[in-house]
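**Student:** Provided below are the primary sequence and the corresponding predicted coordinates.
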Amino acid sequence: MHKPKRTPKGRRSADSGERAYKAIRKQLVEFKLKPDQRINEMALAKSLGVSRTPIREALNRLASEGFIALTPNRGFFFKALDIDALLDLYELRAMIECGAFTLMCERASDAERDRLKDFWDGVKADYRERDPDDILVLDEGFHLLIAELSGNPEIVNQLKAINARIRFIRRIQIQHVSHDFDMVNTHSQIVDAAMKRDVAAGTALLKSHIEMTVSGAQRALKDALLNVYMEKSDSSSGRRASRPR
């Protein structure tokens, strides 16, 4: 009689952590958790049927990615979303990325710039059909590669820091009606400008591309917050209506 294979404890823990990570991230993106709400680890563990350990691992991972905030001695919070702060970050992102593109054209060899073309050629065919999480990773990867090819590690570090702070709204936007799938063509045009070392064309494309992205992000954020507060209003009305007179 064959005994069933046992899954190693480490593997089970990793699987639980990944499952918790995806489930909590989905709740955040769908605003099942509210802005400024403290995240109840015990309640999450109970609802997901896992222990506190994978929940804590998932929350730490989400905090490192910019989806939530960790406040010392208070725990994890779903960060409030601020449109003015979002605009400031996108403005800074445009400045950094245009500077990175300029330096890439000046410094990167032909072989190095081929890396950007190869990267984009490898993903653009089915870009529109990919999962929203995959699209987010690929989009960040494309822009980070330009930063890397600038030859300045500090530009890469700064762009990574900005990405961490806008990643949550970027992820929401990808599922929003405002998401611009024409960015496939824009990315291709940026690659063409890079291959020609055309700084003027490339920076203009990047600036326009980021401006369109921030416009979509504003719409996605406003709609998301509107839904949140409408739900709050509806639930409050329901409670008032159910009270006996």
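**Tutor:** Good, I have the coordinates.
**Student:** Excluding residues flanking it in the chain, which one is nearest the residue most central in space within the chain?
**Tutor:** With distances taken as CA atoms, centre = their mean, Arg167 lies nearest the centre of the chain, 2.7 Å away. Spatial nearest neighbour of Arg167, excluding adjacent residues (CB to CB, 6 or more residues apart in numbering): Gly66 at 4.6 Å. Yep, even glycine has a C-beta here, placed from its N, CA and C like the rest.
**Student:** Give me the phi and psi angles of the one you found.
**Tutor:** The phi/psi pair for Gly66 (degrees, to the nearest 10) reads phi 90, psi 10.
**Student:** Is it correct that it is in contact with Ile162?
**Tutor:** No: applying CB atoms under 8 Å as the test, Gly66 and Ile162 come out as separate, 9.5 Å apart.
**Student:** What does the pLDDT read for the residue nearest to Arg167?
**Tutor:** With respect to pLDDT, Gly66 scores 78.
**Student:** contacting residues for it?
**Tutor:** Asn163, Ala164, Arg165, Ile166, Arg167, Phe168 (CB atoms under 8 Å, 6 or more residues apart in numbering).
**Student:** circling back to that earlier point, reduced to three states, what does the residue nearest to the centre of the chain come out as?
**Tutor:** helix (DSSP: H, G, I helix; E, B strand; the rest coil).
**Student:** wait, it sits on Glu65?
**Tutor:** Yes: at 5.9 Å, Arg167 counts as touching Glu65 under the criterion of CB under 8 Å.
**Student:** Distance check, Lys117 against Ile174.
**Tutor:** Per CB to CB, to the nearest Å, Lys117 is found 24 Å from Ile174.
**Student:** got any ranges where the chain has weak pLDDT?
**Tutor:** Within the chain, the segments meeting pLDDT under 70 span 1-13, 80-81, 176-181, 224-245.
**Student:** domain parsing for it?
**Tutor:** 9-77, 83-228 (automatic domain parsing).
**Student:** how about the strands of this protein, start to end?
**Tutor:** 69-71, 75-77 (DSSP state E).
**Student:** if we can go back for a sec, of Lys117 and Ile174, give the one with the bigger neighbour count.
**Tutor:** Using other CB atoms under 10 Å, the more surrounded residue of Lys117 and Ile174 is Ile174, with 21 against 14.
**Student:** With adjacent residues omitted, what lies nearest to the more buried one?
**Tutor:** Nearest one to Ile174, counting by CB to CB, 6+ apart, is Pro132 at 4.4 Å.
**Student:** ok, the one you found - how many residues close by?
**Tutor:** 15.
**Student:** That one against Gln173, yeah?
**Tutor:** No: between Pro132 and Gln173 there is no contact under CB under 8 Å: 9.4 Å.
**Student:** okay, and the common contacts of these two?
**Tutor:** Counting by CB under 8 Å, 6+ apart, Pro132 and Gln173 have no common neighbour.
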